[in-house]
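Colleague: Model the following, please.
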Amino acid sequence: MESSIWSRNAKPDVCHFLVAVHFALGFVVARFFLDKFIFRRLAIWLSSNGYAPLKMNEATQAKIAKCSESMWKLAYYATVETFILKITYHEPWFTDTKQYFRGWPDQELKLSLSLFYMCQCGFYIYSIAALLTWETRRKDFAVMMSHHVITVILIGYSYITSVDTESGVSHSQISISLYDSSFFEITFSSPLFFRIGSIILALHDASDVFLEAAKVFKYSERELGAIHYCILADHASTVIVSLSQL
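Modeller: Alright, predicted model coming up:
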């Protein structure tokens, strides 16, 4: 039954963004409880090496808050990465790049992938609010706010924009790269390019898993672990760039 539900086709609709709003609200609730009962306590435990009590001064409080934030982001990116790989792994086009465009522009959009798009959109809607009211204010605030706003816009645009098969008019892929104190790249495809689009999203999120894990080690003053994860993140980025050239 579950398999048949997830394999159903979906048609992009503006009403689906209500699901994204529900996801955003759900992320607020999930973040609150995970922070309160798991992440903050775990951050304190890691920072104290598991046995020595911490002196909770202002600097320590700030470090604990940053560590908790990275734990939350690590949990999110690891979860959605697992989900997108699970729903695409058994697709015939997962390992065959020649099939990315086979059947275009009449490729189907499965319900599971539609849900993934709305989950991503909801997360970045939540991230805008969290950046303004919840998370630690950093020097790259303007860059990250721009990233979140542009990401929501591009996810929305890429989801509701489709190819008019009668007129033969299509919309091209959008790619934006910004360089500042931080670097980020956003690439999304129209749903009718969902095969390659889902792989792109999966590849981009993969590096965030390593990045946030490295931050957790950094904030908990476990530098050796942070270095190892940074190396893995670097290797992952190399693979991503190589695959993007195929």
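Colleague: ranges for the strands of the protein?
Modeller: Applying DSSP state E to the chain gives strands spanning 174-179, 183-188.
Colleague: tell me the mean pLDDT over the last one?
Modeller: Averaging pLDDT along strand 183-188 yields 45.
Colleague: repeat for the first one
Modeller: If you average the pLDDT over strand 174-179, you get 43.
Colleague: okay but Val152 is in contact with Gly122, surely?
Modeller: No. Using CB atoms under 8 Å, Val152 is not in contact with Gly122; the gap is 9.3 Å. C-beta: built from backbone N, CA, C; applies to glycine.
Colleague: Can you check which residues contact both of those two?
Modeller: By CB atoms under 8 Å, 6 or more residues apart in numbering, Val152 and Gly122 have no common neighbours.
Colleague: for stretch 196-216, what is the average pLDDT?
Modeller: If you average the pLDDT over stretch 196-216, you get 82.
Colleague: how far out from the middle of the chain is that stretch?
Modeller: On the basis of CA atoms, centre = their mean, to the nearest Å, stretch 196-216 sits 7 Å off its chain's mean C-alpha point.
Colleague: Convert it to PDB, retaining C-alpha atoms only.
Modeller: Extracted in PDB, the C-alpha atoms of stretch 196-216 (Å, rounded to 0.1, in the frame of the first residue of the first chain):
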ATOM      1  CA  ILE A 196      18.300  15.400 -13.100                       C
ATOM      2  CA  GLY A 197      16.800  18.000 -10.700                       C
ATOM      3  CA  SER A 198      16.400  15.500  -7.900                       C
ATOM      4  CA  ILE A 199      20.000  14.300  -8.400                       C
ATOM      5  CA  ILE A 200      21.300  17.900  -8.300                       C
ATOM      6  CA  LEU A 201      19.400  18.500  -5.100                       C
ATOM      7  CA  ALA A 202      20.800  15.300  -3.600                       C
ATOM      8  CA  LEU A 203      24.300  16.200  -4.500                       C
ATOM      9  CA  HIS A 204      24.100  19.700  -3.100                       C
ATOM     10  CA  ASP A 205      22.700  18.500   0.200                       C
ATOM     11  CA  ALA A 206      25.300  15.800   0.600                       C
ATOM     12  CA  SER A 207      28.100  18.300   1.300                       C
ATOM     13  CA  ASP A 208      26.000  20.100   3.900                       C
ATOM     14  CA  VAL A 209      25.900  16.900   5.900                       C
ATOM     15  CA  PHE A 210      29.700  16.900   6.200                       C
ATOM     16  CA  LEU A 211      29.800  20.700   6.700                       C
ATOM     17  CA  GLU A 212      27.400  20.700   9.700                       C
ATOM     18  CA  ALA A 213      29.100  17.600  11.200                       C
ATOM     19  CA  ALA A 214      32.400  19.500  11.000                       C
ATOM     20  CA  LYS A 215      30.900  22.500  12.700                       C
ATOM     21  CA  VAL A 216      29.600  20.200  15.600                       C
END
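Colleague: Tell me who's in contact with Met145.
Modeller: The contact partners of Met145, by CB under 8 Å, 6+ apart, come to 128, 131-132.
Colleague: again, but for Val14
Modeller: Listed by CB under 8 Å, 6+ apart, the contact set of Val14 reads Ile160.
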